[in-house]
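K.L.:
Generate a structure from the sequence data that follows.
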Amino acid sequence: MICKRCGKSGGEHFHRVESFERIALADDPADPNCGHYYVESVSVMGCAACDHRQEAIAKRWPFKTLREAEKELDSHIIGKG
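P.N.:
Next comes the predicted model:
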């Protein structure tokens, strides 16, 4: 990972600040799942050199419909997934 503010790289320069899950639309035409929805597990990483925070996607799962993605996200939140 490279800091988008100061340009430092490497695992020793970053620490995880928080994490969360979200739904995102795959809108990149080069993505084989374009038009589908992803449930993404996101980590917010902090740079030790400049204290900048940026997101890093840890995992993502594709779903054909928004309803399926919402159902999966809800199951993770309530602990059934």
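K.L.:
Low-confidence ranges, the chain, go.
P.N.:
Applying pLDDT under 70 to the chain flags residues 76-81.
K.L.:
tell me the residue furthest from the middle of it?
P.N.:
Residue farthest from the centre of the chain, counting by Cα atoms, centre = their mean, is A49 at 22.5 Å.
K.L.:
show me the contacts for it.
P.N.:
The contact partners of A49, taken as Cβ atoms under 8 Å, 6 or more residues apart in numbering, are C3, C6, K8, H13. Where C-beta positions appear, they are placed from N, C-alpha and C, glycine not excepted.
K.L.:
quick one: which of the residues you listed is most hemmed in?
P.N.:
C3 (21 neighbours; other Cβ atoms under 10 Å).
K.L.:
quick one: the closest residue to it other than its chain neighbours from D28, how far?
P.N.:
The shortest distance from C3 to any non-neighbouring residue, by Cβ to Cβ, 6 or more residues apart in numbering, is to C47 (4.3 Å). In this structure, C47 and D28 are 26 Å apart, going by Cβ to Cβ, to the nearest Å.
K.L.:
So these two - more neighbours on which side?
P.N.:
Neighbours were counted for C47 and for D28 using other Cβ under 10 Å; C47 has more, 21 against 9.
K.L.:
The residue nearest to C3 and K8 touch, don't they?
P.N.:
Yes: look at C47 against K8 with Cβ atoms under 8 Å: they come within range, at 6.2 Å.
K.L.:
Skipping adjacent residues, who's closest to R5 in space?
P.N.:
H52 (3.9 Å).
K.L.:
So the residue farthest from the centre of the chain: helix, strand or coil?
P.N.:
When classified by DSSP: H, G, I helix; E, B strand; the rest coil, A49 comes out as coil.
K.L.:
Ok, E72 next?
P.N.:
Using three-state DSSP, the structure places E72 in helix.
K.L.:
Grab the nearest non-local neighbour of it.
P.N.:
V39 (5.2 Å).
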